[in-house]
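J.: Provided below are the primary sequence and the corresponding predicted coordinates.
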Amino acid sequence: MFKTLMLHAAAALVASGCALMPPAPPAALAPPAVAGTVKVQWLGQAAFKITTVEFENGFKLWHMGDTDVFGDMKLIAEMYKPDLVLMPIGGGQFVMNPQHAAMVTKDFIKPKAVIPMHYLTNPGLPGTPADYIKAMGGSPIKVMAINPGDMVEF
């Protein structure tokens, strides 16, 4: 049985097609609208938790939460191969800045798509999706800067 998982300013995955619709924070991660199971895994050391979700159709989501760069991001990516990463990009004391987030995206994780999050919600998170996209350069990884009310389908 899948219970709703609360995410901070992220996106809601709905339907078996993995559509994304970001409601106002906090956002809820909803189960796919198909029968079956959803696997939620809590990974990482005691200092933090890493959330990966694998849906019945095989689609994998990694919600990175509030984090800076750490070496095991590469290991987690290799083990769980996320299709979509919710990537903090705001900068500041606890969150990657757009340049570090782009480096992690391109060199460590290499997902199919990224949704930037945790930016511009307070003065301590000045990074923007435009900064992140610029730092991504010509990478083929799809960056989806979404706003509340937008919908993105996979």
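T.: Everything's here; your move. Residues are numbered from 1 along each chain as shown.

J.: so what pLDDT did residue 96 get?
T.: Per-residue pLDDT puts residue 96 at 96.

J.: oh, I was asking about residue 154
T.: Reported pLDDT for residue 154: 74.

J.: do I have it right that it meets residue 83?
T.: Yes: between residue 154 and residue 83 a contact is recorded at 7.3 Å, counting by CB atoms under 8 Å. Backbone N, C-alpha and C define where each C-beta goes, glycine included.

J.: now list whatever residues contact both of the two.
T.: 59, 113 (CB atoms under 8 Å, 6 or more residues apart in numbering).

J.: any weak-confidence spans in the chain?
T.: Applying pLDDT under 70 to the chain flags residues 1-50.

J.: so which residues of it form strands?
T.: Using DSSP state E, the strands of the chain run over 5-7, 12-14, 19-21, 27-29, 39-43, 50-54, 60-63, 84-88, 113-117, 142-143.

J.: just the helices from the protein, written as ranges.
T.: If DSSP state H is used as the criterion, the helices of the chain fall at 72-80, 98-103, 129-136.

J.: which helices and strands sit right next to the last one?
T.: In terms of contact count using 3 or more CB pairs under 8 Å, 6 or more residues apart in numbering; DSSP states H and E, helix 129-136 is assigned the packing partners helix 98-103, strand 142-143.

J.: dump the ones you listed to TSV, plus mean neighbour count and distance to residue 61.
T.: Output for the helices and strands packed on helix 129-136, formatted as TSV (neighbours: other CB atoms under 10 Å; distance: least, CB to CB, whole Å):
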stretch	mean neighbour count	distance to residue 61
helix 98-103	21	17
strand 142-143	16	14
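
J.: so for residue 57, which of the ones you listed sits nearest?
T.: Of all the helices and strands packed on helix 129-136, strand 142-143 sits nearest to residue 57, with 18.4 Å by CB to CB.

J.: given the closest one, what are its sheet partners and their directions?
T.: Strands that pair with strand 142-143, judged by DSSP bridges, come out as strand 113-117 (parallel).

J.: the helices of the chain: which one's closest to residue 110?
T.: helix 72-80 (6.8 Å).

J.: Serialize the helices and strands packed on helix 129-136 to TSV and add fields for distance to residue 67.
T.: Formatted as TSV, those follow (distance: least, CB to CB, whole Å):
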stretch	distance to residue 67
helix 98-103	10
strand 142-143	18
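
J.: do you know which of the ones you listed lies nearest residue 121?
T.: Minimum separation from residue 121 across the helices and strands packed on helix 129-136 (CB to CB) falls at helix 98-103, 14.8 Å.
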